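S.K.: Requesting a structural model of the entry that follows:
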Amino acid sequence: MEIQNTLIDGLVVIKPRVFEDERGYFFESWNKLSAEKAGVNLEFVQDNESLSQKGVLRGLHFQAPPFEQGKLVRVIKGAVLDVAVDIRKGSPTYGSYHKELLSGENKTQFWIPPGFAHGFLTLENDTIFAYKCTNLYNKASEGSVIWNDPDINIDWGIDNPTLSEKDIEAPLLKDFKSPFSI
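M.R.: Numbering: from 1, shown residues only. Okay, here's the model as predicted:
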């Protein structure tokens, strides 16, 4: 597996070695020892999966301490534009984001540690999105930032995505008090 750091400290892109032949393909989607050798030491306690149609935007979500979650995300089928926004007070990249194209075809994975709001836009119908989490889900600690915040200025490539009520009502970054710090 190839591990690439991004310009925002903590965000990591993981590209697995894929073995393909006439039968199909095989790859390790996670190998704790290989990741540790590259400096990524994680324990996962929950796996999640979602199915979405083209144009669905989920995010920007996080869980506040003490139930903060790190997420290793990937696409099994289809494609998404995946985005992580730094919401760590005191971070030199606070409010900055990194985006990755994740697809069933490229098999790229994206590690998003606690302290980031996360979201994705589905680019194809019947996209299956999977993620491993470092903490269990806790509804009371859910938080979000509005997907189209003008201060963050994410270029999603869409004006009117399909959104949940929670995502429509999320606060702006400037009105948000982050529970994370560096």
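
S.K.: When you work out contacts or count neighbours from here on, use the C-alpha atoms and nothing else.
M.R.: Will do.

S.K.: Doesn't residue 158 lie inside a strand?
M.R.: No. Using DSSP: H, G, I helix; E, B strand; the rest coil, the assignment for residue 158 is coil, not a strand.

S.K.: Neighbours of it, how many?
M.R.: 9 (other CA atoms under 10 Å).

S.K.: so what's it up against?
M.R.: Contact analysis of residue 158 by CA atoms under 8 Å, 6 or more residues apart in numbering lists residue 55.

S.K.: What's the per-residue pLDDT of it here?
M.R.: Looking at residue 158, its pLDDT reads 96.

S.K.: Report the buried residues of stretch 15-33.
M.R.: By neighbour count on 16 or more other CA atoms under 10 Å, the buried set for stretch 15-33 is 15, 16, 29.

S.K.: hmm, I was thinking of stretch 52-70
M.R.: Buried residues in stretch 52-70, counted by 16+ other CA under 10 Å: 52-64, 67-70.

S.K.: How about stretch 35-45?
M.R.: In stretch 35-45, counting by 16+ other CA under 10 Å, buried: residue 35.

S.K.: what does that stretch contact?
M.R.: With contact meaning CA under 8 Å, 6+ apart, stretch 35-45 is reached by 1, 3, 32, 132, 133, 134, 135, 136.

S.K.: So which of those residues sit within helices?
M.R.: Among these, the ones falling in helices (DSSP state H) are residue 32.

S.K.: Buried among the contacts of stretch 35-45? Need that as a selection in PyMOL.
M.R.: Selection of buried members from these for PyMOL, criterion 16+ other CA under 10 Å:
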select buried, resi 1+3+132+133+134+135
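
S.K.: Lowest-confidence member of the contacts of stretch 35-45, which is it?
M.R.: Ranked by pLDDT, the contacts of stretch 35-45 bottom out at residue 1, which has 79.

S.K.: any idea how far the nearest residue to it once chain neighbours are set aside is from residue 72?
M.R.: Leaving aside its sequence neighbours, residue 1 sits nearest to residue 16 (CA to CA, 6 or more residues apart in numbering; 4.2 Å). Taking CA to CA, to the nearest Å as the measure, residue 16 falls 13 Å from residue 72.

S.K.: ditto for residue 29
M.R.: Taking CA to CA as the measure, residue 29 and residue 72 are separated by 10 Å.
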